[in-house]
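Visitor: my questions concern the predicted model and sequence given below.
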Amino acid sequence: MTRTEQNRMSMEKFAQAINTNDIALAEELIDEKAEFSTPVSPEKLYGGKGYMSVVAFMRQSFSDVRWDMRDMAAEEDKAAVYWTCSGTHDGEFMGLAPTGKKFSFSVMNFYYFNDKGKIINDVAAEGLIGLFRALGLAK
């Protein structure tokens, strides 16, 4: 199997991990030293557990949140994924009381892999604006 094929398979497993909240699978796919920055955490997050803490944060506000992979392009050391994120605002989100509104927005992420085939970085386009628009917080 080529590295490109391995990266494609890893991203399919990654989608499974974030949609089922499978921390063990995330730790298998994400290097433990991988560093992630997110607007929802003032501190850097590391590895599969760190990444999944963002997923857990989202699930507190949107219990049915789901990420569907719409398209993917992969190379030897990276993959670009076009996601659709959807769910229902049924918990407090950054100080906003639950609205019960359903949302769906698209986001593009770029994932980088080390020589062992583990994710070492995730660079996301600013997708939260789609969520804010869906909840009526931005126009």
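Guide: Perfect, I can see it now. A quick note: this is a predicted structure, and the numbers were derived from the prediction, not measured.
Visitor: secondary structure element for residue 68?
Guide: For residue 68, the element it lies in under DSSP states H and E is strand 66-74.
Visitor: where do the helices sit along the chain?
Guide: 3-20, 23-29, 47-61, 128-134 (DSSP state H).
Visitor: now the ones you listed as CSV including mean pLDDT?
Guide: Converted to CSV, these look like this (pLDDT from 0 to 100):
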stretch, mean pLDDT
helix 3-20, 96
helix 23-29, 97
helix 47-61, 94
helix 128-134, 72
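Visitor: okay if I get the ones you listed as JSON lines plus distance to residue 98?
Guide: (Glycine included, C-beta is placed from N, CA and C.) As requested, the helices of the chain are exported to JSON lines (distance: least, CB to CB, whole Å):
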{"stretch": "helix 3-20", "distance to residue 98": "21"}
{"stretch": "helix 23-29", "distance to residue 98": "25"}
{"stretch": "helix 47-61", "distance to residue 98": "8"}
{"stretch": "helix 128-134", "distance to residue 98": "14"}
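Visitor: residue 9 and residue 29, how far apart?
Guide: Separation of residue 9 from residue 29 (CB to CB, to the nearest Å): 10 Å.
Visitor: so those two - more neighbours on which side?
Guide: Using other CB atoms under 10 Å as the criterion, residue 9 and residue 29 rank with residue 29 on top: 22 against 13.
Visitor: which residues touch that one?
Guide: Neighbouring residues of residue 29 by CB atoms under 8 Å, 6 or more residues apart in numbering: 10, 13-14, 17, 48, 118-119.
Visitor: which residue sits closest to residue 69, ignoring its sequence neighbours?
Guide: residue 15 (5.0 Å; CB to CB, 6 or more residues apart in numbering).
Visitor: pull the contacting residues for that neighbour.
Guide: Listed by CB under 8 Å, 6+ apart, the contact partners of residue 15 are 67-69.
Visitor: related to what we said a few turns ago, tell me what the strand holding residue 68 is packed against?
Guide: Judged by 3 or more CB pairs under 8 Å, 6 or more residues apart in numbering; DSSP states H and E, the packing partners of strand 66-74 are helix 3-20, strand 78-88.
Visitor: surely residue 112 is in contact with residue 118?
Guide: No. Residue 112 is not in contact with residue 118 according to CB atoms under 8 Å; the separation is 10.0 Å.
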